[in-house]
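# Model the structure of this input:
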Amino acid sequence: MAEPPTLAGAVGRPGPVFLRKLRRKNDWGDPATPLDERAADLVKTAWKCEPHPKSPFSVFLVETDEDFHRVVIGMNGHRPSPTAESDFIAMFPGDLEAVGVRAERCPGVTLCAYANALHHDIPAKDEQLFAICRLLIERDLAPIHLSKGKIRPLVVRATEEGCLAVPNSSGCKVERCA
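As a prediction, this is how the structure comes out:
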């Protein structure tokens, strides 16, 4: 079985980092597309997409590998399979500050209480979203792609711990979820 992914390995450096779920990896766009056009497209696919196309926008603040794993499992809890491939964009707190955006802690709605405690909303205007996307593309911060094989060890552990985000949970035994 594959080793669980690490936050530093996925992002390229240690946290803290805000994660935003992408519907699919292709939402990141084609590198051959002009920068401003690509950033505008990313605003549509990463932020202004269904089912929540309006501000505030949902992100999770992760600082450790454990935080990262819980958010991935929590986000997959509403999907047909807990091992479904997942894609995220990562933003460092300074990226948000640079465009005048401030994340606000608020409860999440995943099936994992641990992940929900890491949830934040970002109240942002279209021009701020565009600036964030442009900054991420300029820095060549590619999306984080987690294959089923990388997620499988997280699901095995979550199942052993009774995480509510996996099928047939017996009740979570993780202290931060109690």
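# Regarding Val156, what is its secondary structure?
Here Val156 is recorded as helix under DSSP: H, G, I helix; E, B strand; the rest coil.
# Pull the number of nearby residues for it.
When neighbours are counted by other CB atoms under 10 Å, Val156 registers 14. Bear in mind the C-beta positions are built from the backbone N, C-alpha and C, glycine included.
# One more: Pro123?
12.
# got the contact list for the host helix or strand of Asp41?
Assigned by DSSP states H and E, Asp41 belongs to helix 35-42. Helix 35-42 has contacts (CB atoms under 8 Å, 6 or more residues apart in numbering) with 27-31, 33, 130, 133-134, 136-138.
# Show me what the mean pLDDT comes to for that helix.
Computed over helix 35-42, the mean pLDDT rounds to 91.
# which other helices and strands contact the helix or strand Arg20 falls within?
Assigned by DSSP H and E, Arg20 belongs to strand 17-22. Applying 3 or more CB pairs under 8 Å, 6 or more residues apart in numbering; DSSP states H and E, one finds that strand 17-22 contacts strand 57-62, helix 65-76, strand 86-91, helix 93-98.
# Redo these as JSON lines? Include mean pLDDT, mean neighbour count and distance to Arg38.
Formatted as JSON lines, those follow (pLDDT from 0 to 100; neighbours: other CB atoms under 10 Å; distance: least, CB to CB, whole Å):
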{"stretch": "strand 57-62", "mean pLDDT": "94", "mean neighbour count": "22", "distance to Arg38": "19"}
{"stretch": "helix 65-76", "mean pLDDT": "93", "mean neighbour count": "24", "distance to Arg38": "25"}
{"stretch": "strand 86-91", "mean pLDDT": "91", "mean neighbour count": "23", "distance to Arg38": "13"}
{"stretch": "helix 93-98", "mean pLDDT": "92", "mean neighbour count": "14", "distance to Arg38": "17"}
